[in-house]
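Fold the following, please.
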Amino acid sequence: MSRENDIDILARTIYGEARGENYLGKKAVASVIINRYKRKTWFSGETIAATCQFAVEGSKFHQFSCWNTWDKNYKIIKSVAPADMKEEVEIATGYVDGTLRDVVAGCCHYHVKGANPKWARGCVPDFEIGNHLFYSKVR
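A predicted model of the protein is given here:
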């Protein structure tokens, strides 16, 4: 895989997961993706793009919901032109090239406020940025 593919897929993931957020909110989502990639655990891929699109083997669920074919964002991220996601491409380029740094202190999980995913039950968020809660300690 190439640098260009990592940038494109990361930008599309940021767009699908956080396009309504401000610059910091988009960087926070990107930071989680990069943290997962760097951690090299069961939920990271061999590349940044593969981490964005990772699904547990045998599962139809992707870890970033915008890549689920039934998600409302899937058609949007598949068809959006790079020119229409300039900020996301800028952020993705900065993370892929290593010029942007983690803004969520190693957090590897987040969800939209108001959601109640099983994995977050009993956990305390480390950060609230925009419409997302970010976690470093997840059971």
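
Now the nearest residue to residue 66 once chain neighbours are set aside: which helix or strand?
Counting by Cβ to Cβ, 6 or more residues apart in numbering, residue 66 lies nearest to residue 16, which is 2.7 Å off, once chain neighbours are set aside. Heads up, the C-betas are built off the backbone N, CA and C, glycines and all. Following DSSP states H and E, one finds residue 16 within helix 3-18.

got it, and residue 110?
Using DSSP H and E, residue 110 falls within strand 109-112.

Report the separation between the residue of the chain most remote from its centre and residue 107.
Centroid-distance maximum for the chain: residue 122 at 22.4 Å, with Cα atoms, centre = their mean. Note on residue 122: its distance to residue 107, by Cβ to Cβ, to the nearest Å, is 16 Å.

got it, and residue 85?
Going from residue 85 to residue 107 by Cβ to Cβ gives 23 Å.

got the contact list for residue 92?
6, 7, 8, 10, 11, 14, 30 (Cβ atoms under 8 Å, 6 or more residues apart in numbering).

Mind checking the pLDDT average for stretch 121-130?
For stretch 121-130, mean pLDDT rounds to 94.

Okay, buried residues for that stretch please.
125, 126, 127, 129, 130 (16 or more other Cβ atoms under 10 Å).

Let's see which of those residues end up in strands.
127, 129 (DSSP state E).
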